[in-house]
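**Student:** Got a predicted structure plus its sequence, pasted below:
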Amino acid sequence: DSLLSTIRRMDRELDASERDLNNRDKEISRMVDKLDKLEKNLTQSNYDDYSDYFSKYKKAYNSFEKDRKAFNAKIATRNQINNKYNSLVKSIHQ
């Protein structure tokens, strides 16, 4: 029961994290599009704007990647717990 409760709790947390990561991924895609537009019209006078926006993008991207790796690690942990739960259930029914 404890393992099943942990699996369900982790599933809820993972669902919320996945929605957050998907939203952040979309935002990063929008940032890339804006950077592409800025780059196409890059001049000496708007270089600072491009550079500032690129810094924001890089910060958002690095944060996303850190959280994505943590999400994947949590999925691996959840899968290990699920495998343990399945083994226990199987052993009970044998």
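**Tutor:** Cool, the structure landed.

**Student:** Next, find the distance separating the closest residue to Arg68 other than its chain neighbours from Leu35.
**Tutor:** Counting by Cβ to Cβ, 6 or more residues apart in numbering, Arg68 lies nearest to Leu21, which is 6.0 Å off, once chain neighbours are set aside. Using the backbone N, CA and C atoms, a C-beta is placed for each residue, glycine as well. Counting by Cβ to Cβ, to the nearest Å, the gap from Leu21 to Leu35 is 20 Å.

**Student:** about what we covered before: now do the SS call for the residue nearest to Arg68.
**Tutor:** Using DSSP: H, G, I helix; E, B strand; the rest coil, the structure places Leu21 in helix.

**Student:** show me the contacts for it.
**Tutor:** Going by Cβ atoms under 8 Å, 6 or more residues apart in numbering, Leu21 touches 64, 67-68, 71.

**Student:** so where do the helices sit in this structure?
**Tutor:** 2-40, 47-92 (DSSP state H).

**Student:** With mean pLDDT added, can I get these in CSV?
**Tutor:** Conversion of those to CSV gives the following (pLDDT from 0 to 100):
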stretch, mean pLDDT
helix 2-40, 97
helix 47-92, 96
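
**Student:** what does stretch 27-39 rub up against?
**Tutor:** If you take Cβ under 8 Å, 6+ apart as the criterion, stretch 27-39 is touched by 46, 49-50, 53-54, 56-57, 60-61, 64.

**Student:** mind putting these in TSV, neighbour count and distance to Leu14 included?
**Tutor:** Shown next, in TSV, are those (neighbours: other Cβ atoms under 10 Å; distance: Cβ to Cβ, whole Å):
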residue	neighbour count	distance to Leu14
Asn46	12	41
Asp49	12	38
Tyr50	17	36
Tyr53	15	32
Phe54	14	31
Lys56	12	28
Tyr57	17	26
Ala60	14	22
Tyr61	15	22
Phe64	16	16
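
**Student:** which non-adjacent residue is nearest Leu42?
**Tutor:** Tyr50 (5.9 Å).

**Student:** Roughly how far does that neighbour sit from Lys58?
**Tutor:** Distance from Tyr50 to Lys58, by Cβ to Cβ: 12 Å.

**Student:** How many neighbouring residues does the nearest residue to Tyr57 once chain neighbours are set aside have?
**Tutor:** Closest residue to Tyr57 apart from its sequence neighbours, by Cβ to Cβ, 6+ apart: Met31 at 4.5 Å. Each residue near Met31 was counted by other Cβ atoms under 10 Å, and the total is 17.
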